[in-house]
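# Quick one, what's the 3D model for this:
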Amino acid sequence: MSTDPAIAALVDAASAPYRAAGRFAWHFARGKLKSDPAFATLLACGVLQESRRILDLGCGQGLLASWLLAADAAYRAGRWPRDWPPAPAATEITGIEINPREVARARAALGERARFLHGDIRHVDYGPVDAIVMLDVLHYNDYASQQAILERARSALAPHGVLLLRVGDAAGGLGFTLSTLVDRLVALLRRRRPIRLACRPASAWRALLTSLGFAIETLPMRGGMAFANVLFVGRLP
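Predicted coordinates:
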């Protein structure tokens with residue numbers, strides 16, 4: 001990720017609330033926010049700029065919510081990268097996470113500044129919302145569940161709604177192999193059991209999203225550990 005002082009300050013501000021959730025939560029927040037290019041990308045591209053109700057599926061310990069809250073505060077205070085559009089000004093941020101320990105950390109860090117629900121994204125009610133974010137979560141579900149989740153997301157989104165989806169590109173060679181090894185390790189540590197991943201080439205993801213009525217573009221992720229991941233933006237008419 002960039003060494004821009006404004007971005008470094010954002011990382012500090014977004015990770016600071018996790019001190020209340022324990023040392024692990026704070027160190028994880030700092031490491032993830034500094035190394036994962038998706039967080040800076042979604043601000044630099046302005047993809048969530050007009051979204052007031054944002055839903056984060058598979059939210060983990062709520063890093064996206066903390067990042068957006070820190071971004072809004074920095075923008076209002078004038079501490080903002082000059083070449084970025086205005087920060088998102090969400091009025092409602094909700095995260096859904098299947099791991100209760102992650103939900104507890106999110107709530108301990110952010111309190112009532114965002115809402116975090118413990119549940120399975122295949123079943124929990126989504127909306128209505130203006131934007132849905134899914135970062136590195138769909139491949140933990142089988143192919144039928146992936147389609148069902150995307151169909152539910154499409155139904156929950158308001159007109160002109162936005163879907164921000166990061167997935168692995170199964171045609172991505174060594175980068176994809178490395179990313180799946182990391183994902184399997186993370187799943188083993190969190191769920192205490194091995195898990196099968198259901199992955200697709202980027203072209204197949206694009207075709208699936210298009211079939212559901214989304215107009216698709218790809219956002220470039222620069223710096224950090226992008227592996228063979230692809231960040232799609234799907235927009236509804």
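
# For residue 200, see how far away residue 209 is.
Going from residue 209 to residue 200 by Cβ to Cβ, to the nearest Å gives 11 Å. Using the backbone N, CA and C atoms, a C-beta is placed for each residue, glycine as well.

# no, scratch that, I was asking about residue 46
27 Å.

# Looking at the two, which is more packed in?
residue 200 (19 against 13; other Cβ atoms under 10 Å).

# give the contact list for the more buried one.
By Cβ atoms under 8 Å, 6 or more residues apart in numbering, the contact list for residue 200 reads 143, 167, 170, 208.

# Phi first, then psi, for the residue nearest the centre of the chain.
Centroid-nearest residue in the chain: residue 135, 3.8 Å away (criterion: Cα atoms, centre = their mean). The phi and psi torsions at residue 135 (degrees, to the nearest 10) take the values phi -110, psi 110.

# ditto for residue 213
phi 100, psi 10.

# Okay, it and residue 76: tell me how far apart.
35 Å.

# And the strands in the chain, which stretches?
53-57, 92-97, 115-118, 129-135, 157-168, 215-219, 229-235 (DSSP state E).

# could I get these as JSON lines with distance to residue 12 and mean pLDDT?
JSON lines is the format used below for these (distance: least, Cβ to Cβ, whole Å; pLDDT from 0 to 100):
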{"stretch": "strand 53-57", "distance to residue 12": "21", "mean pLDDT": "98"}
{"stretch": "strand 92-97", "distance to residue 12": "20", "mean pLDDT": "98"}
{"stretch": "strand 115-118", "distance to residue 12": "22", "mean pLDDT": "98"}
{"stretch": "strand 129-135", "distance to residue 12": "21", "mean pLDDT": "98"}
{"stretch": "strand 157-168", "distance to residue 12": "24", "mean pLDDT": "96"}
{"stretch": "strand 215-219", "distance to residue 12": "24", "mean pLDDT": "95"}
{"stretch": "strand 229-235", "distance to residue 12": "24", "mean pLDDT": "95"}
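
# can you list those in JSON lines and add distance to residue 42?
As requested, those are exported to JSON lines (distance: least, Cβ to Cβ, whole Å):
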{"stretch": "strand 53-57", "distance to residue 42": "10"}
{"stretch": "strand 92-97", "distance to residue 42": "13"}
{"stretch": "strand 115-118", "distance to residue 42": "19"}
{"stretch": "strand 129-135", "distance to residue 42": "8"}
{"stretch": "strand 157-168", "distance to residue 42": "6"}
{"stretch": "strand 215-219", "distance to residue 42": "8"}
{"stretch": "strand 229-235", "distance to residue 42": "8"}
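
# And those strands: which comes nearest residue 196?
Closest of those to residue 196 is strand 157-168, at 13.8 Å (criterion: Cβ to Cβ).

# and the angle from the closest one to strand 215-219?
Strand 157-168 runs at 40 degrees relative to strand 215-219, counting by axes from the mean of the first three to the mean of the last three Cα atoms, to 10 degrees.

# tell me the angle of strand 157-168 relative to strand 53-57?
Per the same axes, to 10 degrees, the angle that strand 157-168 makes with strand 53-57 is 30 degrees.

# Might you quantify the distance of strand 157-168 from its chain's geometric centre?
Centroid separation for strand 157-168 versus its chain: 11 Å, with Cα atoms, centre = their mean, to the nearest Å.

# Since that was my last question, I'll sign off now.
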